[in-house]
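Novice: fold the following for me, if possible:
(one chain, ligands or ions: 2)
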Amino acid sequence: MKITNICCIGAGYVGGPTMAVIAEKCPHIKVTVVDLNESRIAAWNAEDVNNIPIYEPGLNEIVANTRNKNLFFSTEVDKAIDEAELIFISVNTPTKTYGTGKGMAADLKHIELCARQIAKVAKNDKIIVEKSTLPVRTAEALKSILDNTGNGVQFQILSNPEFLAEGTAVQDLLNPDRVLIGGETSPEGQKAIDSLVDVYANWVPKERILKTNVWSSELSKLTANAFLAQRVSSINAMSELCEKTEANINEVAKAIGMDSRIGSKFLKASVGFGGSCFQKDILNLVYISKAFGLNEVADYWEQVIIMNDHQKRRFSRNIVQTLYNTVSGKKIAFLGWAFKKDTNDTRESAAIYVADDLINEQASIAMYDPKVKHDQVLSDLNYLETRSASENEKRISTFDNPYAACENAHAVAILTEWDEFKTYDWKRIYDSMLKPAFVFDGRNLLDGEKMKAIGFVYQSIGS
Ligand code: UDX
Ligand code: ADP
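Specialist: Ligands and ions are numbered 1, 2, ... in the order given. Prediction:
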């Protein structure tokens, strides 16, 4: 089938950038992104493209080029489904917070709602593409709903997992290492795969487009994220050992990264990984493994999460211990709240858990992040349900400039690796702080020797 009209359900961190790049690279295809969330769609349609709801370097320019030409954002879900030949499902699949599999399995309620809606509306054959990270065998559930509630039209289900990383989404989409498309092995399945291959082939070299069966594709996504997260937990485990010895984690990472079998990427010790994927996908892998009775496999991967939780906790405990075993009433400045640089996404950010620990110790947090707003910080903390919303409000303040956040603070904690933090006038910050002035660098971002020369008591991860 030649694709001329694409609909994407879900205008989030995955759906928005992915569809913008498809629209940019395929001017002959009309791309409509729909979402139930009216304010999110209104923000995508904001007159000033700098106000779109997702911050990704380069995204605003692509949206400016394509919006209202062949890229549209709308709340008219049914209309967009009806018109499209190919429908991407990019709705969120958070970890379940209730019932069976609570805290582990992915919550598929949004996916199921989409499937029922597509089945209700579709009057002709459609290709449905799973874009959201989904547990293995979701396609089967999707197919069952579509076939049993539909109007007798044919659906082909493809799995096309997203490998973009936030903060580099546009580059990752424009120049992907690979595009993975899983489908049924039947002739109809292969035809559907080829339709989607033709879309990507507008800018991705054919040899980088891999075709697999649906299950391999779904499991590859979980596996890729588990391997990446495992590298971060591995280097973080070694960082604790470095702190007890004379070794320096940056030197160790460099030394092992030059082994071409190991490779140099994803070896940065940190306060812990965050983001919407790593933890969720590993929990999912653990849940699936347990469901098949593979307890050793489940325990093996669960350790990656245990290590990550330990790393976050260890960071906050170290702050308390170093500040003479009490932070009660003390002001701790946080630089960074996003889970990594170049994004306004805060899901599972280490900053949330470190702040929560320190607030339990009665500290006051003064936060500055170039892209994260006060309301988001509060809602992240309230989501943990550790204390009342009004108590959180009393304990955390946010600033729109870093110097004000650090003034009269006992310590600065670096939670996100924003480049701009390196360029600050750290002498000015030092002069405005209470003495001794501490810096806890959770990202190994700053030059420790320079910080010590200014007068800071400087601690980084893993040295
Ligand atoms: C990840 C995968 O990289 C991507 O392919 C997938 O599609 C979605 O999940 P993302 O979560 O956006 O992407 O960011 P990523 O760059 O993988 O970072 C995840 C977390 O690990 C961040 O908190 C980051 O700061 C941390 N990290 C990463 C480290 O602490 N050290 C590293 O060396 C690398
Ligand atoms: P991701 O990082 O996976 O893109 P987001 O939470 O950023 O996740 O985006 C998912 C989007 O999907 C949200 O904007 C949400 O409103 C939307 N969504 C969820 N369920 C539906 C649905 N049934 N129909 C349309 N949009 C939906």
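
Novice: number of nearby residues for the closest residue to ligand 2 within the stretch 251-400 of the chain?
Specialist: Taking CB to the nearest ligand atom, ligand 2 has its nearest neighbour within the stretch 251-400 of the chain at S276, 5.0 Å off. Every C-beta, even on glycine, is put in place using the N, C-alpha and C of the backbone. Other residues within reach of S276, judged by other CB atoms under 10 Å, total 21.

Novice: in a strand, L445, correct?
Specialist: No: assessed with DSSP: H, G, I helix; E, B strand; the rest coil, L445 is coil; it does not lie in a strand.

Novice: any idea how far it is from L358?
Specialist: As judged by CB to CB, to the nearest Å, L445 and L358 stand 20 Å apart.

Novice: compare those two (neighbour count), which wins?
Specialist: Counted by other CB under 10 Å, L445 and L358 do not tie: L358 has more neighbours, with 26 against 19.

Novice: where does D107 land on pLDDT?
Specialist: With respect to pLDDT, D107 scores 88.

Novice: quick one: S432 and V412 touch, right?
Specialist: No: in this structure S432 lies outside contact range of V412 using CB atoms under 8 Å: 10.7 Å.

Novice: any residues in contact with both of those two?
Specialist: Shared contacts of S432 and V412 (CB atoms under 8 Å, 6 or more residues apart in numbering): C406.

Novice: more neighbours, these two?
Specialist: V412 (29 against 14).

Novice: what about the more buried one, which helix or strand?
Specialist: Element membership for V412, per DSSP states H and E: strand 411-414.

Novice: pairing partners for that strand, with directions?
Specialist: Take DSSP bridges as the rule and strand 411-414 pairs in its sheet with strand 331-335 (parallel), strand 438-441 (parallel).

Novice: circling back to that earlier point, the residue of the stretch 251-400 of the chain closest to ligand 2 is in contact with Y13, isn't it?
Specialist: Yes: using CB under 8 Å, S276 makes contact with Y13 at a distance of 7.1 Å.

Novice: joint contacts of these two?
Specialist: D345.

Novice: pretty sure V33 is in a strand, no?
Specialist: Yes: looking at V33 with three-state DSSP, it is inside a strand.

Novice: from what I can see it touches T75, true?
Specialist: No: applying CB under 8 Å as the test, V33 and T75 come out as separate, 10.3 Å apart.

Novice: so for these two, which sits in the more crowded spot?
Specialist: Neighbour totals were compared for V33 and T75, and V33 leads with 27 against 15 (other CB under 10 Å).

Novice: next one: the residue of the stretch 251-400 of the chain closest to ligand 2 from F339, what distance?
Specialist: S276 is 8 Å from F339, by CB to CB.

Novice: could you dump the strands paired with strand 411-414 to CSV with distance to N202 and mean neighbour count?
Specialist: Formatted as CSV, the strands paired with strand 411-414 follow (distance: least, CB to CB, whole Å; neighbours: other CB atoms under 10 Å):
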stretch, distance to N202, mean neighbour count
strand 331-335, 41, 26
strand 438-441, 43, 23
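
Novice: which one of the ones you listed lies nearest to ligand 1?
Specialist: strand 438-441 (12.9 Å).

Novice: with just CA atoms, put the closest one into CSV.
Specialist: Output of strand 438-441 as CSV, limited to C-alpha atoms (Å, rounded to 0.1, in the frame of the first residue of the first chain):
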residue,chain,number,x,y,z
PHE,A,438,30.0,22.4,49.4
VAL,A,439,29.5,21.2,45.9
PHE,A,440,28.1,17.6,45.4
ASP,A,441,28.6,16.9,41.7
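
Novice: give me the contact list for it.
Specialist: The contact list for strand 438-441, computed with CB under 8 Å, 6+ apart, reads 315, 318-319, 322-323, 410-414, 446, 448, 451, 456-461.
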